[in-house]
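Asker: Sharing a model that was predicted from the sequence below.
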Amino acid sequence: MNPRRTLALAWLLLAIAGSNARADTPVTDDVDALFKQGLTALAEARAGDAIADFEAMNDRGVIDAVVSFDRGLAYAQRIRGGSPVPGDFGRAALGFEEARSLTHDPALAREATSALGTIRAEVARRRALAGEPVEVDPGVPLGRAVVGLAPEDVWSGLAAMASFVLAASLFVRWRAFARRVRLGAAIALGVSGPLLAVTAMLALAARDERLHLREGIVVTPSARLSDDRHLTVAGEAPLPEAAHVTIEENAAGWTRVRFGAQRGWLPSPSVRPIVAREFRELALK
Amino acid sequence: MKARLLLLVAFFALAFGGIARADGRPELRLSSDADVIGLGDTMHVTLQTTSSGGSPTDPQLGSSSGFQVMGISPSSSTSMSIVNGTITSQRGLTTVWSLRATKVGVFTLGPPTVVVDGVRYRSQPISVRVVPAGQAPRRMPPQQQQDPFDPFGGLFGQLNQQLNQQIGQPFGQMQDPRQQMESQLDQRYALPASRGQTAFLHAVVDKTNIVVGEQLTYTVYLYVDATLGRSIDLNDPHEAPASDFVKRSLQADESKVEQIGFTSVGGQVYSVQLLRRSALFPLKAGDLDIGEMTLQISAKNGLRRSEDLHVHVAEPPIQGRPPGYAVGDVGTFTLAADISGRDTDQDGAIGITVTLSGNGNLPSSIDPPEHAGVEWLDPQVTEKLGRQAGDKFGGTRTFQYVVRLHRAGDVDLGDFTLPYWDPHANAYATARVPLGTVHVKADPNAHAPVEAATDPLPGLPTVHASREPAAQTRRHLDDAPAFWLGLGGMPLAYGFVVTAAGAARRVREKRVARGASPKTEMLARIAAAETATHADDAGAMDAATARAIEAAVIACNGINVRGVATSDVARALRDAGVAEADGRELESVLLACEAARFSAAEGSAASEARERWSRAQRAIDRLAGRA
């Protein structure tokens, strides 16, 4: 045989062997490969493998609504498979919460919201059977609800407009001599002043919420709140798995959370923060 | 000569007689640390046996009436020596009985016995008097008791005993204890200075930078002054908290202190004893505190503390991390599996035993491979963990699964995998064991898969197969500082404009006011007169001089001489406080100017007019105090 051909064949065999080796050992730093592996595992009902792949993407800093959504589905699949691991409900809820928060696709947001409802309904059903409080999501406080009535940029735009009207009416009232004009300026002044104060405050609150509000999901079954000395608070009902909490502070392996009227410390591994869209935007910068 | 010969024969007879005795019958020596003790007190009886034949065994105290035996502590030793190519060995057994007096009176203890080469040998009994509690004489310290086997008496008594235990010379006849001590100093334990009087604790870790889950070997040594000559009691030990670690002991028995050598501490000899050796596995990343171990010793200021140690713990790198890796799985692991059978019926079960072995933080659970129709029941876990070679913690953990197979056919069970971080290779690795295929015989009566009947999460959406494109980075209006500046700036601009307008008006008014002042007028008139002197118009010069004088008088003295007759100017100025000479001079200049302007003679000389202005200027300067 021609030596060149022999050499080429040897190289080909080595290349095939190398490709086989890579097939056995996934290229773990390729996030797209991980995503495909996760999808394959999900399709083959290998929820554990799918979870491992999607969590590995998470470890590598991939922030993607679809990855979070599929991760939630992987945990849900393990629950449906009949062999759930403690915390699966919470982690499934976390995936759907993140998907809802991150996505720009309204359809995906609706699906995530629906899945979230299914997860929380099952958690509530199980808690009801155990005789425990069933509230999993206490909703948002009134202030945040008002801030959430309009997007942040709407509040900002209204504030800018009110500011302009206020300034203009002040000048007109100063320089105008006609009585009617001065009266009109005074009325505009009376309206635009309070409007500026309110809308600026709402814009500021919306911005603060966007940048500083941190929310999380309880990912352990029945997490018990502790006080400032990290002693379990007697008489407080444990927080349900998949509960939506507000994260107030992290310190030395503990996380202070607020859940409705309840407030206290949980071990940090019991709460996983929801990655919000703004964090993705910050990460992209 | 005969006498000398006899002496020589006697010497050899004595010497070889002694050797013969040593080669045959073992030597037994009995001692006690007290012969009079109080009721309830504890004493120790020690039997030392040396044999050049077989090993001494089965020590018995014999009679112990009046005492309660609290404990017995035998320790054996072997020593070998090579002299001129001949190897001789000695075996020793030291047995210590701890006895507590239970009755008052005189009692005989023993005689203790010991078996050597199948023969039981007997020592001498000892007599002990027990007196009522509190009436016993104070015991002599051990170092004051002369030990015939210790040529240095109590000073090196304990040291010698410790050396004997370590180097296998039971009674120290062979070598000077000082030489033994010096030859045994171990520089690995040397310290520049003592951390406490008599005894102290010294804690060390084998590394200070590790990853979460990696073994950290934590050791606490007890250093005791080797010249102390008495034992010290160790009480009330408090372990180092190490609350951020999982702690596993690397000692067979933590209640025992192990003598490991001698060393030099600040030029002084200390015996080094191993108090604790533990494997610590950090639970989280960060700068973690191990804390300090404390105990009380029977000495002045007896509380002793070890160092408070800290280690830096990081997570293993993200780069190359295999899917399924759980932070904390660190070590070197292998997996093995054993399957009870490869044929079963549908809905039947097989047994699978998976053995995880290795060194490090062995995970408490491993995820079984998932396949449709394969149900893994919770495993039964057994473990055999402990100290391994090289002070590593590890062993085996066995998971016994019962696996139910719901689908017929050849079922590939897949692989058990365990990704872990190998700190020695500084890389990730994966332990893997394939389980192979099981043949499941179809059963027409088999149940349908349970999950189809009772789905706990019905109606979940389907998987999304394509990732969402990254959104464009978007800035919000209120992210720009200019937004907030503009928001406040527009109303503030009104205030600024109004304020600025008011300020401008005030400036203007002030300027006008400043322009009408007598002093300003005076300066303007003086400037005008100066300007007039540059021309040749004497009349204009005189007029300007007169106006300058009038303005100066108003500015400096507040009187207006314009309405006063020129001949009365000097008097008016005098009345106003002006020096008479100055008043007269001004009046004179004014009269001269008036005369020059209104005289009939035409063409008054310009030079004269300048002279009048010069006079006026000097007078004005004096008037204004500038002369």
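Answerer: Happy to help now that I have it.
Asker: what about the strands in the stretch 101-250 of chain B?
Answerer: Using DSSP state E, counting those that start in this stretch, the strands of the stretch 101-250 of chain B run over B:105-109, B:113-116, B:119-122, B:126-131, B:199-205, B:209-211, B:216-225, B:234-238, B:245-249.
Asker: Could you dump those into a markdown table with mean neighbour count added?
Answerer: C-beta: built from backbone N, CA, C; applies to glycine. Below are those laid out as a markdown table (neighbours: other C-beta atoms under 10 Å in any protein chain shown):
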| stretch | mean neighbour count |
| --- | --- |
| strand B:105-109 | 16 |
| strand B:113-116 | 20 |
| strand B:119-122 | 13 |
| strand B:126-131 | 17 |
| strand B:199-205 | 19 |
| strand B:209-211 | 16 |
| strand B:216-225 | 22 |
| strand B:234-238 | 13 |
| strand B:245-249 | 17 |
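Asker: what about those strands, which gets the closest to residue A:155?
Answerer: strand B:209-211 (46.5 Å; C-beta to C-beta).
Asker: which strands and helices sit next to that closest one?
Answerer: Strand B:209-211 sits against strand B:309-314, with contacts defined as 3 or more C-beta pairs under 8 Å, 6 or more residues apart in numbering or on different chains; DSSP states H and E.
Asker: does chain A sit close to the strand it packs on?
Answerer: No - applying C-beta under 8 Å from any C-beta of the partner chain, one finds strand B:309-314 separated from chain A by no less than 12.4 Å.
Asker: Give the buried residues for the helix or strand just after that strand.
Answerer: Next helix or strand after strand B:309-314 toward the C-terminus (DSSP states H and E): strand B:331-339. With burial defined by 16 or more other C-beta atoms under 10 Å in any protein chain shown, the residues of strand B:331-339 counted as buried are B:331, B:332, B:333, B:335, B:337, B:339.
Asker: again with stretch B:481-491
Answerer: B:483, B:484, B:486, B:487, B:490, B:491.
Asker: wait, doesn't the second one sit right on residue B:477?
Answerer: No - using C-beta atoms under 8 Å, residue B:484 and residue B:477 do not qualify as a contacting pair, with a distance of 9.9 Å.
Asker: Kindly list the longest strand within chain A.
Answerer: As assigned by DSSP state E, the longest strand anywhere in chain A is strand A:244-251.
Asker: is it anywhere near chain B?
Answerer: No - shown here: strand A:244-251 not in contact with chain B (C-beta under 8 Å from any C-beta), separated by at least 11.9 Å.
Asker: packing partners for that strand?
Answerer: Short answer (3+ C-beta pairs under 8 Å, 6+ apart): strand A:244-251 packs on strand A:214-218, strand A:254-259, strand A:271-273.
Asker: Can you lay out those as a markdown table showing mean neighbour count?
Answerer: Formatted as a markdown table, the helices and strands packed on strand A:244-251 follow (neighbours: other C-beta under 10 Å):
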| stretch | mean neighbour count |
| --- | --- |
| strand A:214-218 | 22 |
| strand A:254-259 | 20 |
| strand A:271-273 | 22 |
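Asker: among the ones you listed, which is nearest chain B?
Answerer: Closest of these to chain B is strand A:254-259, at 11.6 Å (criterion: C-beta to the nearest C-beta).
Asker: C-terminal to the helix or strand of chain A with the lowest mean pLDDT, which secondary structure element comes first?
Answerer: Here the helix or strand of chain A ranked lowest by mean pLDDT, DSSP states H and E is helix A:3-24, holding a mean of 46. For helix A:3-24, the following helix or strand on the C-terminal side (DSSP H and E) is helix A:31-43.
Asker: does chain A sit close to the longest helix seen in chain B?
Answerer: For chain B, the longest helix by residue count, based on DSSP state H, is helix B:481-515. Yes - residues of helix B:481-515 are located near chain A by C-beta under 8 Å from any C-beta, namely B:483, B:486, B:487, B:488, B:490, B:491, B:493, B:494, B:497, B:498.
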